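Participant: Attaching a predicted model along with its sequence, questions to come.
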Amino acid sequence: MTEKASLAFVRDTMLPEQPPPASETGIIKWVRANLFPDVLNSILTIVALYLIIKIVVGAWPWFANGMWATSSLAECREILQGTTGACFSVLTERWNQLLFGFTYPNDQYWRPILAFVLLAFAAAPMLFAMFLPRKLLLFTALYPFIAFWLIWGGTVLTPLFALLGFVAAATVFPRVEKASGFASALGAAVVTAAIVWYVGGLIAGTTPNLIALEPVPSRDMGGFMLNFILGTVCVSLSLPLGILLALGRQSNMPIIKWICVVFIEFIRGVPLITLLFVANVVLAYFLPPGTNFDLILRVIIMITMFSSAYIAEVIRGGLAALPKGQYEAADSLGLDYAQAMRLIIMPQALKISIPGIVNVAVGLFKDTTLVSVISMFDLVGMIRGPILASTEWNGVYWELWGFAILLFFPVCYGISQYSQWLERQLATDHR
Amino acid sequence: MKKSVFLGALTVAGLAAAAAGAATLDDVKARGKLNCGVTTGLVGFAAPDANGQWDGFDVGVCRAIAAAVLGDPTAVEFVPTTGKTRFTALASGEIDVLARNTTWTFSRDTDLKFDFVGVNYYDGQGFMVPKALGVSSAKELDGATVCIQTGTTTELNLADFFRANNISYEPVPIETNAEAQPLYLEGACDVYTTDASGLAATRAAFETPADHIILPEIISKEPLGPLVRHGDNDWGDIVMWTLNALIAAEEYGVTSANVDELAAGTDNPEINRLLGTEGDLGPMVGLDNQWAMRAIKAGGNYGELFEKNIGESTPIGLARGLNAQWTDGGLLYSPPFR
């Protein structure tokens, strides 16, 4: 037999590509690979499914039967007649108190809301610096003064002179520095700012109604707004302070080094709640009566001190992780200390520290609820105090705490997601 | 040098404190507002409503004082305080009067340098247990877990009671009444103990109040009343007599509804003196003659305040009990206005 005859059939074209078998594609493959790869996992999947269904079925009527328009818990219970159902009416009636506290004037809610919206614009140039023009940072610099005016109200002169003080200090500083060095320049800047603030305070005091919004005292701040104010201000203040402290701790100058070490170790060794009690209670004994040293300001100072100590340690970790060669490279380029830190050391150290900083920031934001213990009505204080103590809503728990979760979770999750995105953006290491 | 400056500042602060403490009335008048310390929220006694207006039994006392001193029951700055911050707030001068159902005790009156000016609610500490526990007396609570608010006299009374009866318990410390409620309902503690008024209010908010009983033992005396700083007796007098005016008004049948009519003059000289149509009582405490009339008008007399905020017609449903007038077998007894 010739070879040709021995072959019954020779394929001379390629078969067209077949779709993979149904069990190896799409959702079926995903389910098989992820949910039912073997016996043990299959059992676990079924158990998990059972539990999920149980929870959803169990919780569903609670949501579905929810009451939205009653005026008290007793009324909810009367309508529900013993069936499961939430009493969401507490949210429809008290949402404004949960968000803004119970004493912020109702017709002024647009002010904190506007400040909140502007915060997005002010934060964007910082958070997404690589996409946005640097000029937008000017608005970021102005934002604290705008936000202060919007939320606290009063004459526009107060924040304006506060701003002027900083501007004056910033103009004086470089001139004096050139002439007579850093220390005296710093002193001159502080004195200039103090003079501008003092004069400004006098002028603003005489014309309290010039382009004024209705003033709202600190005592009237509350709800989630208070958490947000404390969180934003303290995080943004403690970051630069933390950097300074971390650098100070590494400094060769013994006095600066020891001041930083003592500060960091002392603050880290004290619970935040103790510091808050000091801010609220003990300070009042030392200040002469009648001096109204703003309570929010006191709390901001305490929380900022607390978190800056933690951030300093996180950044110190970043600094320690840099190889010594980086410092030497900076020196060999002839950069002075400030330039070396700004251009070479800090960018790398901060990048390493991002997860730690974000961790502190998220923790800090949630810690702001501790102020409820010193009888400030933040979101938690609002729920624990006035709302649960009203005759109408005494006994509503799940709905209120669920609402608190709904407010806190997106913010914290957003911060976390942003930091991961930022890490990916800045990833220049070996992959 | 630094040290002496610091000490000097402290001295000035101390002197200023003494000066301010000496004339609370002038401070309040100059400020145009009464700083009144209240709870951060206790059903019936003090809580802001949906519009942010404070309301409640203790709040009524604050408003009456403001009406008497300033002529305006709304001229009150309510300063919310917790069990832990209330005394420092008063001692530091942040508030002029503390009306925060605070128990009048020896050490608070003397050692903490406060003056209790009277009693606006006679309370006592009780126990609440689920019916299912099958307990009918507090003495059967051996080994029970007890939910208890920290920083209050109830905590100390509880320890005393259990030690005196030689039985053991396990405390579950909590911060506020609102926190105790779910813990108790979920069974984290077998027993909830606080003032009987608080127990009644808490039980009233339960879905099935009938499943819980308040045990018959009342283990302590809890005279709750407003207090002021020690040392400013003029101010203390004003607060004391405003409270007494509310109590006396109920005794004499003066209500917020008929006070205007009675202020025109009656044939009862006691009412006339109270309402300022006869005699000169007001100037004796540094106020005008209509002070008591305004205080009564602000929220009604003692009985009206009680009924409106915590009485039997409210969800809290407290009976007058010890808090009835002495003429009705209670303990309320105002010294004469003379």
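Facilitator: Nice, I can see it. The structure presented is a predicted model; accordingly, all values stated were derived computationally and were not measured. Numbering: from 1, shown residues only, chains lettered A, B, ... in the order given.
Participant: so for the helix or strand where residue B:274 lies, what's the average pLDDT?
Facilitator: Counting by DSSP states H and E, the secondary-structure element that holds residue B:274 is helix B:269-275. The average of the pLDDT scores along helix B:269-275 is 91.
Participant: And stretch A:172-186, by the same measure?
Facilitator: Here the average pLDDT along stretch A:172-186 is 79.
Participant: quick one: buried residues of it?
Facilitator: A:172, A:173, A:176, A:177, A:185 (16 or more other C-beta atoms under 10 Å in any protein chain shown). All C-beta atoms are positioned from the backbone trio N, CA, C, and that covers glycine.
Participant: Widest-spaced pair of those residues?
Facilitator: A:172 and A:177 (9.2 Å; C-beta to C-beta).
Participant: shared neighbours, these two?
Facilitator: residue A:185 (C-beta atoms under 8 Å, 6 or more residues apart in numbering or on different chains).
Participant: rewinding a little: which of the residues in the helix or strand that the helix holding residue B:274 is followed by are classified as buried?
Facilitator: Scanning forward in sequence from helix B:269-275 by DSSP H and E, the next helix or strand is helix B:281-284. Of the residues in helix B:281-284, B:281, B:282 count as buried by neighbour count, 16+ other C-beta under 10 Å.
Participant: and helix B:281-284, how far out from the chain's middle?
Facilitator: 25 Å (C-alpha atoms, centre = their mean, to the nearest Å).
Participant: the strands in chain B, which residues?
Facilitator: Assigned by DSSP state E, the strands in chain B fall at B:34-39, B:47-48, B:54-55, B:76-81, B:97-103, B:114-116, B:121-123, B:125-130, B:144-149, B:169-174, B:191-195, B:212-214, B:222-229.
Participant: dump the residue contacts of residue A:235.
Facilitator: Counted by C-beta under 8 Å, 6+ apart, residue A:235 has contacts A:307, A:361, A:364, A:365.
Participant: Can you tell me which of the buried residues of stretch A:172-186 end up in helices?
Facilitator: A:172, A:173, A:176, A:177, A:185 (DSSP state H).
Participant: Need the pLDDT of residue 120.
Facilitator: Since you didn't name a chain, this refers to chain A. pLDDT, residue A:120: 88.
Participant: wrong one, I was asking about chain B
Facilitator: On the pLDDT scale, residue B:120 is placed at 90.
Participant: Over to residue A:366?
Facilitator: 91.
Participant: ok, and what's touching whatever helix or strand it lives in?
Facilitator: Assigned by DSSP H and E, residue A:366 belongs to helix A:346-367. Residues from elsewhere that reach helix A:346-367 (C-beta under 8 Å, 6+ apart): A:227, A:231, A:234-235, A:238-239, A:243, A:272, A:303, A:306-307, A:310-311, A:314-315, A:317-319, A:321-322, A:326, A:408, A:411-412, A:415-416, A:418-419, A:422-423, A:426.
Participant: One more: stretch A:117-130?
Facilitator: A:132-134, A:136-137, A:139-140, A:143, A:146-147, A:150, A:232, A:418, A:422, A:425.
Participant: Nearest to chain A: which residue in the stretch 201-338 of chain B?
Facilitator: residue B:205 (3.9 Å; C-beta to the nearest C-beta).
Participant: Next up, the contacts around the closest residue in space to residue A:369 that isn't next to it in sequence.
Facilitator: Excluding the flanking residues, the one nearest residue A:369 by C-beta to C-beta, 6 or more residues apart in numbering or on different chains is residue A:380, at 4.2 Å. Contact analysis of residue A:380 by C-beta under 8 Å, 6+ apart lists A:369, A:372, A:404.
Participant: now those in TSV, with secondary structure and pLDDT?
Facilitator: Shown next, in TSV, are those (DSSP: H, G, I helix; E, B strand; the rest coil; pLDDT from 0 to 100):
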residue	secondary structure	pLDDT
A:369	helix	92
A:372	helix	86
A:404	helix	93
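Participant: what's the pLDDT at residue B:3?
Facilitator: So, for residue B:3, pLDDT stands at 42.
Participant: same check, this time on the one 10 residues further on
Facilitator: Each residue has a pLDDT score; the one for residue B:13 is 44.
Participant: Quick one: mean pLDDT over stretch B:70-83.
Facilitator: Stretch B:70-83 comes out at a mean pLDDT of 89.
Participant: One more: stretch A:63-70?
Facilitator: Mean predicted confidence for stretch A:63-70 is 87.
Participant: Now it: buried residues?
Facilitator: A:66, A:67, A:70.
Participant: first to last residue in it, what's the distance?
Facilitator: By C-alpha to C-alpha, to the nearest Å, the extent of stretch A:63-70 from end to end equals 15 Å.
Participant: element containing the residue of the stretch 51-200 of chain A found nearest chain B, please.
Facilitator: Across the stretch 51-200 of chain A, no residue is closer to chain B than residue A:102, which sits at 3.9 Å (C-beta to the nearest C-beta). Assigned by DSSP H and E, residue A:102 falls within no helix or strand.
Participant: Run through the residues that contact residue B:279.
Facilitator: Taking C-beta under 8 Å, 6+ apart, one finds B:272, B:273, B:338 in contact with residue B:279.
Participant: Reformat these as a markdown table; add distance to residue B:306.
Facilitator: Shown next, in a markdown table, are the contacts of residue B:279 (distance: C-beta to C-beta, whole Å):
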| residue | distance to residue B:306 |
| --- | --- |
| B:272 | 25 |
| B:273 | 24 |
| B:338 | 25 |
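Participant: Name the member of those with the most neighbours.
Facilitator: Comparing those by number of neighbours (other C-beta atoms under 10 Å in any protein chain shown), residue B:273 comes first, having 19 neighbours.
Participant: Run the chain-centre distance for the helix holding residue B:274.
Facilitator: The answer for helix B:269-275 is 26 Å, by C-alpha atoms, centre = their mean.
Participant: same question, stretch A:115-124
Facilitator: Using C-alpha atoms, centre = their mean, the offset of stretch A:115-124 from its chain centre is 13 Å.
Participant: Give me the buried positions along that stretch.
Facilitator: By neighbour count with 16+ other C-beta under 10 Å, stretch A:115-124 contains the buried residues A:115, A:116, A:118, A:119, A:122.
Participant: of all those residues, which two lie farthest apart?
Facilitator: A:116 and A:122 (10.6 Å).
Participant: Nothing else from me, thank you.
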